[in-house]
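Peer 1: Sequence and predicted structure are below.
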Amino acid sequence: QVQLVESGGGLAQAGGSLRLSCVASGDIISIDEMAWYRTGPENARELIASITKAGTTNYVDSVKGRFTISRDNAKKTVSLQMNNLNSEDTAVYYCNARIESYSSSYTRTYWGQGTQVIVSS
């Protein structure tokens, strides 16, 4: 079975930084695109950053210049460095990945359990 486990959430002050990490485990053959989503007070899940296997990145406008997504293919991890945080970044952050595994006949999308980020002003 494939699992994604996030870590690194918590409380930060406005203007501060946090780093989220996510590690994939299980009977993995390959990992395609990896991404970070968040669910804010309105409960709408928003894609905020993604990274391809080759390292091409994309960001939602609200985090451009502040957040950086990166991955380590050998370690099966994806990280999100969040700088200059503000109150609008308060949300539950979810790791997402498209993974091919031995136990599945097709590439599937997997989600982590979510990690809470709270930014105090």
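Peer 2: Cool, got the structure. Numbers count the residues shown, from 1 in each chain.

Peer 1: ok, now which ones touch the residue most central in space within the chain?
Peer 2: The geometric centre of the chain, computed from its C-alpha atoms, lies nearest to Trp36 (Cα atoms, centre = their mean), at 2.8 Å. For Trp36, the contact set (Cβ atoms under 8 Å, 6 or more residues apart in numbering) comprises 20, 22, 47-50, 69, 78, 80, 93-96. Every residue, glycine included, has its C-beta placed from N, CA and C.

Peer 1: can you give me the strands in this protein?
Peer 2: Taking DSSP state E, the strands of the chain run over residues 3-7, 10-13, 18-25, 28-39, 45-51, 57-59, 67-72, 77-82, 91-101, 108-111, 115-120.

Peer 1: quick revisit: any idea how far the residue nearest to the centre of the chain is from Glu6?
Peer 2: For Trp36, the distance to Glu6 (Cβ to Cβ, to the nearest Å) stands at 9 Å.

Peer 1: Any figure for the gap between Asn84 and Cys22?
Peer 2: From Asn84 to Cys22 the distance is 22 Å (Cβ to Cβ).

Peer 1: So the two - more neighbours on which side?
Peer 2: Of the pair Asn84 and Cys22, Cys22 is the one with more neighbours under other Cβ atoms under 10 Å, namely 25 against 13.

Peer 1: Give me the nearest residue to that one, chain neighbours excluded.
Peer 2: Cys95 (3.3 Å; Cβ to Cβ, 6 or more residues apart in numbering).

Peer 1: Same question for Val63.
Peer 2: Distances taken as Cβ to Cβ, 6+ apart place Ile48 nearest to Val63, at 5.3 Å, with adjacent residues excluded.
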